[in-house]
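J.: my questions concern the predicted model and sequence given below.
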Amino acid sequence: MTLVVSDISSLGIVMVGDSAVTDSRTNTVTAGAIKVQYSAAANVGFALWGNAGVDHRRIDTWLAEFISTRISKNDSVEDIGNRLSSELNAILVASRKSWADLVRGIHLAGFRNGLPVLFHVHCGHDDEPAHELRLYKDFPDNKKWSESHFRHLLSFGFIHLRNGFHPLFAPLFERAVQYAGDLRAQFNIQFPHPSLDGRLEFYKLLVRYVAGTLKAAKLSQGVNDTLSTIAFGPAGLIVDERLSFPTSPPIGSYEEFFLATTANKPLHPILGSGAPRRPSAG
């Protein structure tokens, strides 16, 4: 299981992920996955979910190597997303497994003309059969928003993608937005604080609440409270709370996952200002 959330707004970009890894062979959950990563060269963030195996390694280890060797300063988010999907597909095809068994996704967030963009490499939406990894340029390109309209939307709202163990996160997020409205109306408290680190702390709180809910309900700790997080703007990192890789790189398999089951597909993104729109897929 897993829970990763990537959020863009006029304040910048925040990305939050837990570190749980599920082994489907033994149905055991361990910690240690580095699901949120960052390229300083291109000022682009990444958040991982899905099947964790690639080239007989865990995908978090593979991605770290990709970031250090395959990304340069002048690469756009689109360049990186296309290169990422192409190189992963070449490796995954060789496994001879079906794409339904290889389902995974990677959020990519960065800046273009000073505005944050949020893209997603994944194996297909919930209304289509699983296929090879493709780059979906969700926001703003696939919405066909002009730069001026996108800038206007970001000036009063936010957009986020969330994947993994979202059945518990979705209603919690909606209640948190309602709670934020009550705090403002009754106590003039802004929650989250209208700052980039305020938005980061908001998502950290929600992901840890989901982890605590599983623990209190005595359910499998498929989402844990050991988080890897970043917050950054056009000039680079502002908050860096990434987890460190162990001295010995983790050995992965095609039976390890950063979510409950490979049948999950990307959750529709959330666009909101006060109350979020209810996602049409859960």
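T.: Sure, I can see it. Residues are numbered from 1 along each chain as shown.
J.: when you work out contacts or count neighbours from here on, use the C-alpha atoms and nothing else.
T.: Noted.
J.: looking at this structure, which helix or strand is least sure?
T.: The helix or strand of the chain with the lowest confidence, counting by mean pLDDT, DSSP states H and E, is strand 270-272 at a mean of 52.
J.: sticking with Thr213, tell me its helix or strand.
T.: Following DSSP states H and E, one finds Thr213 within helix 196-216.
J.: can you give the distance of that helix from its chain's centre?
T.: Using C-alpha atoms, centre = their mean, to the nearest Å, the distance from the centre of helix 196-216 to the centre of the chain it belongs to is 14 Å.
J.: same check on stretch 18-34?
T.: Taking C-alpha atoms, centre = their mean, one finds the center of stretch 18-34 at 17 Å from the center of the full chain.
J.: if we can go back for a sec, tell me what the helix or strand just after the helix holding Thr213 is packed against?
T.: For helix 196-216, the succeeding helix or strand toward the C-terminus, using DSSP H and E, is strand 228-233. Applying 3 or more C-alpha pairs under 8 Å, 6 or more residues apart in numbering; DSSP states H and E, one finds that strand 228-233 contacts strand 12-17, strand 36-39, helix 196-216, strand 236-241.
J.: can you state the direction angle for the longest one and strand 228-233?
T.: Read it as helix 196-216. Here helix 196-216 runs at an angle of 160 degrees relative to strand 228-233 (axes from the mean of the first three to the mean of the last three C-alpha atoms, to 10 degrees).
J.: which residues of this protein score low on pLDDT?
T.: Regions of the chain meeting the criterion pLDDT under 70 cover residues 1, 248-255, 259-282.
J.: helices of that one, start to end?
T.: With DSSP state H as the criterion, the chain has helices at 59-70, 77-93, 147-156, 166-187, 196-216.
J.: OK, contacts around the spatially closest residue to Asn82 that is not a sequence neighbour?
T.: Setting aside the residues directly before and after it, Asn82 is nearest to Leu135 in space (C-alpha to C-alpha, 6 or more residues apart in numbering), at 6.1 Å. Shown in contact with Leu135 (C-alpha atoms under 8 Å, 6 or more residues apart in numbering): 78, 81-82, 85, 119-122.
J.: switch those residues over to a markdown table; also include distance to Thr69 and neighbour count.
T.: As requested, the contacts of Leu135 are exported to a markdown table (distance: C-alpha to C-alpha, whole Å; neighbours: other C-alpha atoms under 10 Å):
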| residue | distance to Thr69 | neighbour count |
| --- | --- | --- |
| Glu78 | 17 | 19 |
| Gly81 | 15 | 23 |
| Asn82 | 15 | 16 |
| Ser85 | 15 | 19 |
| Phe119 | 21 | 24 |
| His120 | 21 | 23 |
| Val121 | 19 | 23 |
| His122 | 22 | 23 |
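J.: need the helices of the chain in CSV (columns: distance to Ile34).
T.: Compiled in CSV, the helices of the chain are given as follows (distance: least, C-alpha to C-alpha, whole Å):
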stretch, distance to Ile34
helix 59-70, 6
helix 77-93, 17
helix 147-156, 29
helix 166-187, 19
helix 196-216, 15
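J.: out of those, which comes closest to Val4?
T.: Each of these has some distance to Val4 by C-alpha to C-alpha; the shortest is helix 196-216, at 8.2 Å.
J.: remind me what that closest one packs against, helices and strands.
T.: For helix 196-216, where contacts count as 3+ C-alpha pairs under 8 Å, 6+ apart, the packed elements are strand 12-17, helix 166-187, strand 228-233.
J.: in that helix, what counts as buried?
T.: Buried residues in helix 196-216, counted by 16 or more other C-alpha atoms under 10 Å: 196-204, 207-212, 214.
J.: and for stretch 13-26?
T.: With burial defined by 16+ other C-alpha under 10 Å, the residues of stretch 13-26 counted as buried are 13-23.
J.: and what of stretch 238-247?
T.: Using 16+ other C-alpha under 10 Å as the test for burial, stretch 238-247 gives 238, 242-243.
J.: nearest to Asp225 among these?
T.: Leu243 (12.3 Å).
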